[in-house]
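In: dropping a prediction and its sequence here:
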Amino acid sequence: MEKIVSQFLEQVNSHNQNEPEFMQAVTEVAETVIPFIVQHDIYYGQNILLRMVEPERVISFRVAWIDDKEEIQVNRGYRIEMNSAIGPYKGGLRFHPSVNLSILKFLAFEQIFKNSLTTLPMGGGKGGSDFDPKGKSDTEVMRFCQSFMTELFRHIGPNRDIPAGDIGVGSREIGYLFGQYKRLKNEFTGVLTGKGVSWGGSLIRPEATGYGVVYFAKQMLLHQNESLEGKTIVISGSGNVAQFAAEKAIHLGGKVLTLSDSSGYIYDPEGIDAEKLAYVMELKNVKRDRIHNYVSKYPKASFHKGKTPWEVPCKIALPCATQNELHENDAALLVKNGCICVSEGANMPSTPEAIHLFTKNKILFAPGKASNAGGVAVSGLEMAQNSLRYSWSREEVDQRLQNIMNDIHKSCVKYGTEGDHVNYVKGANIAGFVKIADAMLAQGVV
Ligand code: NDP
Ligand code: 2IT
């Protein structure tokens, strides 16, 4: 089996050199899915995984724009249309200076499985730019978004490809992108998700990823007769996902000790409560400031410059910042300090070595493609509401989100149970794979 997997990976690597993040994502899937394929005659010999790692289409384009000093800036824009077997391409846009083909391809690849797990009819895609929104004025961000959409609009559409937010793309950017799309097409359609509620957005979409991460952790704990109540929780990041993971964790009785950004983490030994979290939201979303300022407002907390929060003893860890932010030594520290559950809010935040350590120590570990699927799930619900020209209440969307997260948990248990333990990585990969593979087989060699 190891030989079949390594031959497959060598073949993929030879076509995708210098794409380490993409290969990391493919390797994790290949290691769990190939043994399943080999045992199932309908999938074996069809080269399904080989077809899935090849994007259906990769679009790369120039984004020129004029900054506030009237200097011309040039960035690179991308859209990876990875797989449309079960629905139109769906996935976020990331604006961050680190964005490159490898990162977007890993995200688009994971997105296929994640979207399949939601049970909603969405294929997989991802896009973005190496544009850095940090330190840019509102008008610079608007000009960039308008230029970006001036090329992207011809490739997307409500039945073709529906982008949304990711790192560096929140409600402000979605607004500017939507405005430009509408102007170019002269059409008011649900071409993007994460829209404002007054112009076609869904209630609970901003909260959905973070809430979903905690709902998934709750299900994993419940499966072991455990609960979140009274548990200490360490969270990385302080953006969209981290904020609402913290909100739901507090709501369910957890004690949130940390938040972070790329400069370091804050540790509040008394716990971040709802009032303190409201201050963080104002700091990050309105003032667009740094997390270390938390300490000026709440002096009992401390700021740990250049460090990640995994050194803080906790029962539950929620990595909600970025890929490969939790390494083997961090995992070892978490295990040593008594952590029992890791639910990934970010995409691929734990390195393969860290995951191996979690699995070896039977930590409840949920890979992002399962535990952070709540965001794209509510994007799918936003698309449904747009098609119906109707909007559902907060309670209705939240209930649907909880049902979807519970069903994803059940799928992982179905395909990932190994003796008395659930391997959520294996469960998520196989459950996600089956639906896409069946659709690809039905649609012939395309
Ligand atoms: P935001 O832009 O709102 O926040 C990102 C947070 O992560 C910030 O605190 C940022 O700090 C930190 N961060 C980003 N890059 C790095 C880095 N290289 N090192 C350390 N910290 C970093 O993004 P989101 O909260 O939306 O996204 C966070 C993660 O969740 C990403 O992995 C994303 O792919 C994933 N995700 C997002 C979904 C969504 O709906 N938004 C859905 C599913 C997954 P700083 O300000 O210093 O850069
Ligand atoms: O990684 C993700 O799932 C997202 N950034 C959300 C994608 C979406 O289309 O809502």
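Out: Received it, and whenever you're ready, just let me know what you need. Ligands and ions are numbered 1, 2, ... in the order given.
In: C-alpha only now, for contacts and for neighbours.
Out: Noted.
In: do you know how far the one residue in the stretch 201-350 of the chain that gets nearest to ligand 2 is from residue 11?
Out: Of all residues in the stretch 201-350 of the chain, residue 347 sits closest to ligand 2, at 6.4 Å by CA to the nearest ligand atom. Applying CA to CA, to the nearest Å, the value for residue 347 to residue 11 is 25 Å.
In: ok, the two, which is more surrounded?
Out: residue 347 (24 against 12; other CA atoms under 10 Å).
In: ok, for that one, nearest residue in space, not its chain neighbours?
Out: residue 368 (5.2 Å; CA to CA, 6 or more residues apart in numbering).
In: these two touch, right, the residue of the stretch 201-350 of the chain closest to ligand 2 and residue 318?
Out: No - the criterion here is CA atoms under 8 Å, and residue 347 misses it with residue 318 at 11.6 Å.
In: does the helix or strand containing residue 441 reach ligand 2?
Out: In this assignment (DSSP states H and E), residue 441 forms part of helix 424-442. No - judged by CA under 6 Å from any ligand atom, helix 424-442 makes no contact with ligand 2; its nearest approach is 13.9 Å.
In: give me the helices and strands touching that helix, please.
Out: If you count contacts as 3 or more CA pairs under 8 Å, 6 or more residues apart in numbering; DSSP states H and E, helix 424-442 packs onto helix 20-39, helix 101-117, strand 364-366, helix 394-416.
In: which of these is buried the deepest?
Out: helix 101-117 (a mean of 26; mean count of other CA atoms under 10 Å).
In: what sits against residue 159?
Out: residue 88 (CA atoms under 8 Å, 6 or more residues apart in numbering).
In: just the strands in the stretch 151-300 of the chain please.
Out: Ranges of strands within the stretch 151-300 of the chain are 161-164, 232-236, 255-261, 264-267, based on DSSP state E, counting those that start in this stretch.
In: for these, which one sits closest to ligand 1?
Out: Ranking the strands of the stretch 151-300 of the chain by proximity to ligand 1 (CA to the nearest ligand atom) places strand 255-261 first, at 3.6 Å.
In: and the stretch 1-150 of the chain, which residues reach ligand 2?
Out: Counting by CA under 6 Å from any ligand atom, the stretch 1-150 of the chain sits next to ligand 2 at 90, 91, 92.
In: hmm, back to that, output the helices and strands packed on helix 424-442 as CSV; include the columns mean pLDDT.
Out: Output for those, formatted as CSV (pLDDT from 0 to 100):
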stretch, mean pLDDT
helix 20-39, 98
helix 101-117, 98
strand 364-366, 98
helix 394-416, 98
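In: relative to residue 258, which of those is closest?
Out: Proximity to residue 258, assessed across the helices and strands packed on helix 424-442 by CA to CA, is greatest for strand 364-366 (19.5 Å).
In: name the residues that touch that closest one?
Out: Residues from elsewhere that reach strand 364-366 (CA under 8 Å, 6+ apart): 217, 220-221, 340-344, 355, 358-359, 422-425.
In: please repeat the previous calculation with a cut-off of 10 Å.
Out: 213, 216-217, 220-221, 223-224, 316-318, 339-345, 355, 358-359, 371-372, 409, 412, 421-425, 427-428 (CA atoms under 10 Å, 6 or more residues apart in numbering).
In: in helices, which of those appear?
Out: Judged by DSSP state H, helices contain the following of the contacts of strand 364-366: 213, 216-217, 220-221, 223, 355, 358-359, 371, 409, 412, 424-425, 427-428.
In: nearest to residue 112, of those residues?
Out: Residue 112 has its nearest neighbour among the ones in helices among the contacts of strand 364-366 in residue 428, at 11.5 Å by CA to CA.
In: what's the nearest residue to that closest one if we skip its chain neighbours?
Out: residue 412 (5.1 Å).
In: which residues of the stretch 301-446 of the chain lie near ligand 1?
Out: Counting by CA under 6 Å from any ligand atom, the stretch 301-446 of the chain sits next to ligand 1 at 320, 321, 322, 323, 345, 346, 347, 372, 375.
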